[in-house]
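Student: Structure for this input, please:
(2 chains)
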2 protein chains.
Amino acid sequence: MSLTRRNFLQFVGTAAGAEAVHLTMQALDLAGAGAAHAAPPRLLGGSGEGTSVVILGAGVSGLAAAYELSKAGYRCTILEATGRAGGRNRTVRAGDWVEEFGGRQRVDFGEADHLYANLGAARIPYHHRAILGYCREFGVELEVFTNDNRAALFHDRERFGGKPVVARQVITDTRGYVAELLAKAVGQGALDSELTGEDKERILEMLVSYGGLNPDRLYKGSNRGGYRGAQVHAGLKTGEVNAPLDLGEILQADFWRYKLHFSHFLNQNPTLFQPVGGMDAIVKGFEKRVGRLIRYRSVVKEIRQTAGGVRVVTGNGAVEADFAVCTIPAPVLKDIPGDFSPRTRAAIGAIGFVPAVKIAFQARRRFWEEDHAIYGGISWTDQDITQIWYPPYGYHRARGIIVGGYIWDDAPGLRYGGMTPPERLRAAIAEGERVHPGYGAELEAGVSQSWRETPFQKGGWPKSGHGPPEALQRPDGAVFFAGDQATALPGWQEGAALAAHAAVNAIHERVRAK
Amino acid sequence: MSLTRRNFLQFVGTAAGAEAVHLTMQALDLAGAGAAHAAPPRLLGGSGEGTSVVILGAGVSGLAAAYELSKAGYRCTILEATGRAGGRNRTVRAGDWVEEFGGRQRVDFGEADHLYANLGAARIPYHHRAILGYCREFGVELEVFTNDNRAALFHDRERFGGKPVVARQVITDTRGYVAELLAKAVGQGALDSELTGEDKERILEMLVSYGGLNPDRLYKGSNRGGYRGAQVHAGLKTGEVNAPLDLGEILQADFWRYKLHFSHFLNQNPTLFQPVGGMDAIVKGFEKRVGRLIRYRSVVKEIRQTAGGVRVVTGNGAVEADFAVCTIPAPVLKDIPGDFSPRTRAAIGAIGFVPAVKIAFQARRRFWEEDHAIYGGISWTDQDITQIWYPPYGYHRARGIIVGGYIWDDAPGLRYGGMTPPERLRAAIAEGERVHPGYGAELEAGVSQSWRETPFQKGGWPKSGHGPPEALQRPDGAVFFAGDQATALPGWQEGAALAAHAAVNAIHERVRAK
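Tutor: Now for the predicted structure:
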């Protein structure tokens, strides 16, 4: 028999009928509410005509603001200090240059579409609706970014003989011990005041499943952690399960301080994405629409409030406009003379940026896939490089780009930032050797970026923990602030987009109120 | 400054020197060992010349056997009962037909490269080296298959008011309660006999991080579970964390029986893959190389041992060969007359197959992405359909194919298998409506496959739990058995490939010993 679309709807009708229609309407209501929250500002076309806005910075926030304002008819100019758009959305490929205060590096990767590195933004979580909305609108093709790869490694120089341990085993064994210990406590009645008799029975059953315990509720290793030696999974025969790691060693290792549950953090939760071919596909989408509004190499020297709006002085002339959207990063903005209230000044001065450093290497051979079955994901080490990322793209192809260090803590970030680029590569290779012996000999090119040493950035992203700076969420005269630094989502493109939307809406309210 | 490949190696030399070379050699030794284990048989070219092998079944196991034997010069014939290769590696697209004993269904999906369904094999875990090796060799492009999507839903008709709960919250809250309870027990000294004083201090610290506990080591919800309402993540302001789900309800729901830790199972562990464009890309890779050896519509009627080898009688003639590789599924093989030992017969008869059913729908709108930010992954329900899969491909495009039911347990599998295809779609929609109200009205075409009702298959895959059938891991006369059913990895293409490799090696040993 054949099902055509026509008779398909008859089946549905039979099955669900009026109830389906009702439920659909409910679902659409719900969708509406969600969409309204996630969607960019919907200003009336033409409602901004006659109003000018100067946007400081052609990063994601500035570009999003220009795009939304332009759609409504505002006359926008974007002043960008560097020669490129994107800001910390930065993808490098063969022949690109990375500029720092101390000099510049040429990117010496091979020429193939999978030989690139995202030196800034690298992930888009599923719930970042504003950025995903732009991806959808611009036709940016997405592929999964892998944080959580159970074949990747955990490395602590002081534990497990200084050898890396497979994530699968650390995660399985930690969970197993937690379940065993809790089952013992519950079984002994130690938690009788916390649990009803019924819950007690159920939780004991649950823990066996949760932790992979044996019928005596003991953790003796589990095939979730893999089989011994080269077998890993069952094959012709069932293998011998790996002996569990020592609990004392697990507790002494630094893994559990957060690395072990990194992918449980809301912004690191699966499903995550990256644009196919490089994060700057998003920038290119914006550039196609508002690139003509950008004045490159326009370094802002002064930001002045005027009777009619703002006057922004740059190294190559001044721009006057009714409003400004300022996305200049706080470490740069704090040194620019401008007519800001003491409150605004204080807020800008209080934002400390993370001295983030990313180091990328081109490997002549995808040894992580070939030798270790590591496809994408992250290995962790207690050394300064912190992480090694394996590319979640170009699987099985010749060569590959790995992130050989991604540093954000102060001390290691400043240490690596203070090195010359060749010193950084040497240091990262020496550390990487302890995670992947032989590593250095597999690598053939490398590039690094210290965002603190990057002109017109001077840092990776605002340190979190203080909440959003309220003073930057309201305008100061005709200047509206944007950028991820103005949100509770620092370091994320979503923050940059949401701040842009807020600034656009606020400008629009001001214009309407006139 | 510029780093060229030439001076790059100098940096490495400086950094690591002789030690790097030594470590590289160690790494390569290690790689060698791993590769040897994972690689297909390496028979000498031409070593099989003059020997003929008849292969029963053009599924992945039969194709892999034919490919490896052919490379070594064996003369191979593949007898395939149906009109297509691939067996349970089955991708359907617009215009395809799904055949069952009760009749056939035409697949009425739209024509676009993302409008397909993998009705059989759908995942490749990172450690399935044999199948990944073929993907690499054949240039099959891979993309990530998502099991674990924290935006997907858990649904138990009896719990949480019968409403689905977001995975992120169930996983976070369960973990939080486990950590809180264990912290209480440890804090009260209930586990003092299990833990040293030092471990006790450390585990308390660890549990705070593990479970997202507050400083009093209590679980009061965590932003890992997301923020209230439409906010989900922090935006301009930090949101209000969701109140934790009730522990009693969590314990009464069926989630934790295995669904909650599904992705912890070794074969469901990230990273998993699917070939871009459909699982049958692997079959096409084999067909390109050994497709000319396949005789379609050749139904095996008898398998006879002869003085010189084997004689296989089909509906359209007999084939004689020195050896046979038999991959015919046990539920079919058991009814084929053949010269097998009682031991072999008993082993074949003992393998019970799972009555797997998969149901796929085409949706006119990717409501899971648009309304729920669900990109790929699986929702679980305690209803017969068991799972709803969201496509980990074609993100943000028009239309999409979801799996509206994937059933493997006996009772629901037999119930759905016993329905007509339209009845299955109606039933799956009615169940799906409880997970996604309004669901049915979003769907515009559907197809189902009961593998038990599929001619020449009669089942999904061997029920596990008994270990591999040893009798099928040795030849019976000139007949060597293969297929996933002959391994400890039933239901996986990797099992099919490993069994093929074992049969090929065993035949080769027999020939060499002559």
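
Student: Tell me where chain A has helices.
Tutor: For chain A, the helices defined by DSSP state H occupy A:5-38, A:60-71, A:129-138, A:167-187, A:197-211, A:247-252, A:281-290, A:330-333, A:342-350, A:367-372, A:410-417, A:421-435, A:439-442, A:493-513.

Student: and residue B:404, which of these is closest to it?
Tutor: For the helices of chain A, proximity to residue B:404 was assessed by C-beta to C-beta; helix A:5-38 is nearest, at 11.8 Å. Every C-beta, even on glycine, is put in place using the N, C-alpha and C of the backbone.

Student: thinking again about what came up before, could I get the helices of chain A as JSON lines with distance to residue B:441?
Tutor: Listed next are the helices of chain A as JSON lines, based on distance: least, C-beta to C-beta, whole Å:
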{"stretch": "helix A:5-38", "distance to residue B:441": "4"}
{"stretch": "helix A:60-71", "distance to residue B:441": "32"}
{"stretch": "helix A:129-138", "distance to residue B:441": "22"}
{"stretch": "helix A:167-187", "distance to residue B:441": "41"}
{"stretch": "helix A:197-211", "distance to residue B:441": "37"}
{"stretch": "helix A:247-252", "distance to residue B:441": "50"}
{"stretch": "helix A:281-290", "distance to residue B:441": "32"}
{"stretch": "helix A:330-333", "distance to residue B:441": "49"}
{"stretch": "helix A:342-350", "distance to residue B:441": "50"}
{"stretch": "helix A:367-372", "distance to residue B:441": "44"}
{"stretch": "helix A:410-417", "distance to residue B:441": "53"}
{"stretch": "helix A:421-435", "distance to residue B:441": "52"}
{"stretch": "helix A:439-442", "distance to residue B:441": "54"}
{"stretch": "helix A:493-513", "distance to residue B:441": "31"}
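
Student: Out of those, which one sits most buried?
Tutor: Highest mean neighbour count of those: helix A:60-71, a mean of 28 (counted as mean count of other C-beta atoms under 10 Å in any protein chain shown).

Student: now it: mean pLDDT?
Tutor: Average pLDDT, helix A:60-71: 98.

Student: got it, and stretch A:165-179?
Tutor: Mean predicted confidence for stretch A:165-179 is 97.

Student: Run a quick check on residue A:71 versus residue A:46, I expect a contact.
Tutor: No: Residue A:71 lies out of contact with residue A:46 (C-beta atoms under 8 Å); the separation is 9.8 Å.

Student: picking that back up, among the helices of chain A, which is nearest residue A:262?
Tutor: Going by C-beta to C-beta, the one of these nearest residue A:262 is helix A:167-187, 10.2 Å.

Student: And the closest one, what does it pack against?
Tutor: strand A:153-155, helix A:197-211, helix A:247-252, helix B:167-187, helix B:197-211 (3 or more C-beta pairs under 8 Å, 6 or more residues apart in numbering or on different chains; DSSP states H and E).

Student: quick check, distance from it to the centre of its chain.
Tutor: Offset of helix A:167-187 from its chain centre (C-alpha atoms, centre = their mean, to the nearest Å): 30 Å.

Student: Can you check what angle separates that helix from helix A:197-211?
Tutor: 160 degrees (axes from the mean of the first three to the mean of the last three C-alpha atoms, to 10 degrees).

Student: ok, the most centrally placed residue in chain A to residue B:171 distance?
Tutor: Nearest to the mean C-alpha position of chain A, counting by C-alpha atoms, centre = their mean, stands residue A:123 at 3.8 Å. Counting by C-beta to C-beta, to the nearest Å, the gap from residue A:123 to residue B:171 is 19 Å.

Student: and if you look at residue A:114?
Tutor: Distance from residue A:114 to residue B:171, by C-beta to C-beta: 33 Å.

Student: Equivalent analysis for residue A:192, please.
Tutor: 27 Å.

Student: Below-threshold pLDDT in chain A: ranges please.
Tutor: A:1-40, A:465-466 (pLDDT under 70).

Student: and residue A:488, how many residues sit next to it?
Tutor: As a burial measure, residue A:488 scores 20 neighbours (other C-beta atoms under 10 Å in any protein chain shown).

Student: Residue A:468 is in contact with that one, correct?
Tutor: Yes: Residue A:488 is within contact range of residue A:468, at 4.4 Å (criterion: C-beta under 8 Å).

Student: overlap in contacts of the two?
Tutor: With contacts defined as C-beta atoms under 8 Å, 6 or more residues apart in numbering or on different chains, the residues adjacent to both residue A:488 and residue A:468 are B:236-238.

Student: ok, so of those residues, who is nearest chain A?
Tutor: residue B:238 (4.4 Å; C-beta to the nearest C-beta).

Student: tell me the contacts of the residue nearest to the centre of chain A?
Tutor: A:145, A:147, A:267-268, A:272-274.

Student: now residue A:282
Tutor: A:60, A:89, A:131, A:134-135, A:138, A:140, A:275, A:493.

Student: Closest one to residue B:66 out of these, please.
Tutor: For these, the closest approach to residue B:66 (C-beta to C-beta) belongs to residue A:275, at 40.4 Å.

Student: Excluding chain neighbours, what is closest to that closest one?
Tutor: residue A:281 (3.8 Å; C-beta to C-beta, 6 or more residues apart in numbering or on different chains).

Student: ok, now how distant is the one you found from residue A:378?
Tutor: For residue A:281, the distance to residue A:378 - C-beta to C-beta - is 22 Å.

Student: picking up where we left off before, for the residue nearest to residue A:275, give its distance to residue B:395.
Tutor: Distance from residue A:281 to residue B:395, by C-beta to C-beta: 13 Å.

Student: For residue A:476, find the nearest of the helices of chain A.
Tutor: helix A:342-350 (4.4 Å).

Student: And the strands in the stretch 251-400 of chain A?
Tutor: Using DSSP state E, counting those that start in this stretch, the strands found in the stretch 251-400 of chain A span residues A:272-275, A:294-295, A:300-305, A:310-314, A:317-321, A:323-326, A:357-363, A:378-381, A:387-389, A:400-407.

Student: out of those, nearest to residue B:253?
Tutor: strand A:272-275 (27.0 Å).

Student: Neighbouring strands of the closest one in the sheet, and parallel or not?
Tutor: Its sheet considered, strand A:272-275 pairs with strand A:124-125 (antiparallel), strand A:142-145 (antiparallel) by DSSP bridges.

Student: Show residues contacting it.
Tutor: For strand A:272-275, using C-beta under 8 Å, 6+ apart, the contacting residues are A:118, A:122-126, A:132, A:135, A:140-147, A:281-282, A:392-393, B:375, B:395.

Student: How about stretch A:60-68?
Tutor: Applying C-beta under 8 Å, 6+ apart, the set of residues contacting stretch A:60-68 is A:40-41, A:43, A:53, A:55-56, A:76, A:78, A:80, A:85-89, A:121, A:130-131, A:134, A:282-283, A:286-287, A:289-290, A:293, A:325, A:327, A:482-484, A:493, A:496-497, A:499-501, A:503-504.

Student: next one: stretch A:192-199
Tutor: A:186, A:200, A:203, B:181, B:184, B:247-248, B:251.
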